[in-house]
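1. curious how this folds, go ahead:
(chains A and B)
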Amino acid sequence: MSVLVDENTRVVVQGITGGEGKFHTEQMLEYGTNVVAGAVPGRGGQEVAGVPVYDTVQQAAREEDANASVVFVPPAFAADACFEALDAKGVDLVVAITEGVPTQDMSRVYRKLQETDTHLVGPNCPGVITPGVAKLGILPGNIFSSGNVGLVSRSGTLTYQVVDNLTDRGLGQTTAIGIGGDPIIGTGFIDALELFEADPDTHAVVMCGEIGGEDEEQAAKFIGQHMDTPVAGFIAGRTAPPGKRMGHAGAIVSGSGTGTAQSKINALEDNGVPVGDTPEEVADHVENLL
Amino acid sequence: MRLHEYQAKRVFADAGVPTPASRLAETVEEAVDAAEEIGYPVAIKAQVHVGGRGKAGGIELVENADEAREAAENIIGMDLKGYHVRTVLVEEAVDFVNELYVGVTMDRGAGKPVAMVSTKGGVNIEEVAEEDPDAIAREHVDPAFGMHPFQARKVVYDAGVDRDLANDVAGVLRTLYQLWDDRDGSDVEVNPLMITSDDEVIAADAVMNIDDDALFRQPELAEMGEEAADGDELEQKADEYGFDYVRLSGNVGIIGNGAGLVMTTLDLVDHYGGSPANFLDVGGGAKADRIANALDMVFSDENVDSVVFNIFGGITRGDEVAQGINQALEQFDEIPKRVVVRLAGTNAEEGMEILNEDLVTVEHTLEDAVQRAVEYAGEVDT
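-> Numbers count the residues shown, from 1 in each chain, chains lettered A, B, ... in the order given. Below is the predicted model:
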């Protein structure tokens, strides 16, 4: 089994006529993802990679029974694209790949999200993959393998690194979710952990966090109080100096000392989560937990 | 992006927040002239992006022309916590009886803006937040509706601001929220908001941080930001190249793709006993030219003794990366620092075939690559 994405996922790609949208639609199709439609205002009636394009997400959902959307829309229009997907009947998963969405725009999307049952993953994320079944986003499918480890991560390439270490040991994955490194995102660690906890086929979870914010500390508490499925952790940014932003908009240690790698590692360990010093060690921990 | 105090004050004043009379000066003469024009006493304030300027000698209060000259001579050109002071703000010294803190920021945990007021203004508000969090009154704002007038009043009364001043302070707070909202602020603050003996409020300092991701729709502020740029020469160069770059104090240069992976590479350098010289994220989908620029950046840092390249391709393609590395290194008769390359993911095999192995050391895992680079850096030191 899996979370968020399975063989019934029918995808509409918002921004399918753009360079990234087209390329990754082809990649997703090649991986076996059921991409059923594209949505681009003014481009209804066209086809991209054999996929019919509609003017609105609503039409795509109605005509092609799309129930998930992947957003490849430029930053200035990405929030509007998310609103459109949240508004479309039948779409219950939105994966926003776009990097550089203004934080205030996301704050409004986040508010809307609270009124719906839809899952929004991202923005600024690599996407979601259920190995061997479907991928929604830009993750390189070939490094993933099917198995019983769930993975949730704030960073795209770090996800690849950790998955590589897992796959190398024969530790396959149920689903991997890249939640993105922005200050405001839809699906957070706790949402993802809840999904994995409820999935009988996920026997262990890897959580990759980083400096900035307090999401990892809260997730650690959640794990301690609500999870039976064992979790292994990794935190990036131990060497980051305070006040400097390390790439991700969210990855900054504030002057008052919160959001440091050490506070996150402590919080995880205090709640029974072994934290690896290296991605290799994370794989060791997972092996021990299973 | 952070504006300088004088720029933020201009924006605040245009929006109706009272600010002291002030002028910007680039030379000692200009500073003295400005002080004469404004009338003593005046404060002479270094315009750099550094907190705690006063304690570090970047702000002086002066009573006459001689003092103004001396202060300007001291401050213009000084090195303030690593930043070179190029300009000073000469400002009317406000006679105050009380200092407040007023600010708006994004509460990322809640996913919405929060307005804050405290009667413990004039000091490091982050320390107050840590030591006495109850001394700061807070009110979340629904981003869809904006700040209601009652919310501004509520947070002002909650903070314990004098009733006589409440309307004025609430007015400043609403203006700050509007600026935060219209101008894509991430932090918009006045600290201190001074209260005079006549019960007037005046913004004695001004902080305005803008969301970098929203600069495309704030052209006026983006232009101010270019003016405001200060800091490390290499960091400025990185800005021109469009890299996420942070200079650190070690000697192992680090280049990678994706913030989390680059941070992890830094951490591993530390883990294996080395010391990272920088954070450099080339971003997603980097082409050969961009990779060559990244190497140029890291080579320009004279502290760097060895370089580790860690690429895990998703969008980024290993063959492009390899071409960029060759391109950058083939121009040297003798390569100045040893370079270790680790390529994985998309087109990594194609990349390995292209990569000129006479110029670099190839390692196949992250751990091996980092250990090798740390080893090389150590050899240079001894």
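2. nearest to chain A: which residue in chain B?
-> Residue of chain B nearest chain A, by C-beta to the nearest C-beta: B:Gly260 (2.2 Å). In this view, the C-beta of every residue, glycine as well, is placed from N, C-alpha and C.
3. how about that residue: what's its closest non-neighbour residue?
-> Leaving out its chain neighbours, the residue that sits closest to B:Gly260 by C-beta to C-beta, 6 or more residues apart in numbering or on different chains is A:Ser155, at 2.2 Å.
4. neighbours around the one you found, how many?
-> Using other C-beta atoms under 10 Å in any protein chain shown, A:Ser155 is surrounded by 32 other residues.
5. also the one 3 residues further on?
-> Counted with other C-beta under 10 Å, the burial measure for A:Leu158 works out to 29 neighbours.
6. beta partners of the residue nearest the centre of chain A?
-> With distances taken as C-alpha atoms, centre = their mean, A:Gly178 lies nearest the centre of chain A, 2.8 Å away. As for beta bridges, A:Gly178 partners with A:Gly127, A:Ser153 under DSSP bridges.
7. and the residue of chain A found nearest chain B, what does it touch?
-> For chain A and chain B, the shortest gap (C-beta to the nearest C-beta) falls at A:Ser155, measuring 2.2 Å. Taking C-beta atoms under 8 Å, 6 or more residues apart in numbering or on different chains, we find A:Ser155 in contact with A:178, A:181, A:208, A:210, A:236, A:248, B:258-261, B:263.
8. which ones among those residues lie within strands?
-> Taking DSSP state E, the ones among these that sit in strands are A:178, A:208, A:210, A:236.
9. hang on, A:Gly45 in a helix?
-> No. Counting by DSSP: H, G, I helix; E, B strand; the rest coil, A:Gly45 is not part of a helix but coil.
10. show me what contacts the residue located most distally from the centre of chain A?
-> In chain A, the greatest distance from the average C-alpha position (C-alpha atoms, centre = their mean) is reached by A:Gly45, at 30.5 Å. With contact set as C-beta under 8 Å, 6+ apart, A:Gly45 has these partners: A:Val53.
11. and B:Gly351, by the same measure?
-> Counted by C-beta under 8 Å, 6+ apart, B:Gly351 has contacts B:317-322, B:343.
12. and the residues you listed as JSON lines, adding secondary structure and neighbour count?
-> JSON lines is the format used below for these (DSSP: H, G, I helix; E, B strand; the rest coil; neighbours: other C-beta atoms under 10 Å in any protein chain shown):
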{"residue": "B:Arg317", "secondary structure": "coil", "neighbour count": "22"}
{"residue": "B:Gly318", "secondary structure": "helix", "neighbour count": "24"}
{"residue": "B:Asp319", "secondary structure": "helix", "neighbour count": "20"}
{"residue": "B:Glu320", "secondary structure": "helix", "neighbour count": "23"}
{"residue": "B:Val321", "secondary structure": "helix", "neighbour count": "31"}
{"residue": "B:Ala322", "secondary structure": "helix", "neighbour count": "26"}
{"residue": "B:Leu343", "secondary structure": "strand", "neighbour count": "29"}
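13. can you narrow the residues you listed down to the ones near chain A?
-> Filtering the contacts of B:Gly351 for proximity to chain A by C-beta under 8 Å from any C-beta of the partner chain leaves nothing.
14. just the pLDDT at B:Ala229, thanks.
-> Model confidence at B:Ala229, expressed as pLDDT, equals 63.
15. tell me the least confident of the contacts of A:Ser155?
-> A:His248 (84).
16. verify the contact between that residue and A:Gly178 for me.
-> No. In this structure A:His248 lies outside contact range of A:Gly178 using C-beta atoms under 8 Å: 11.9 Å.
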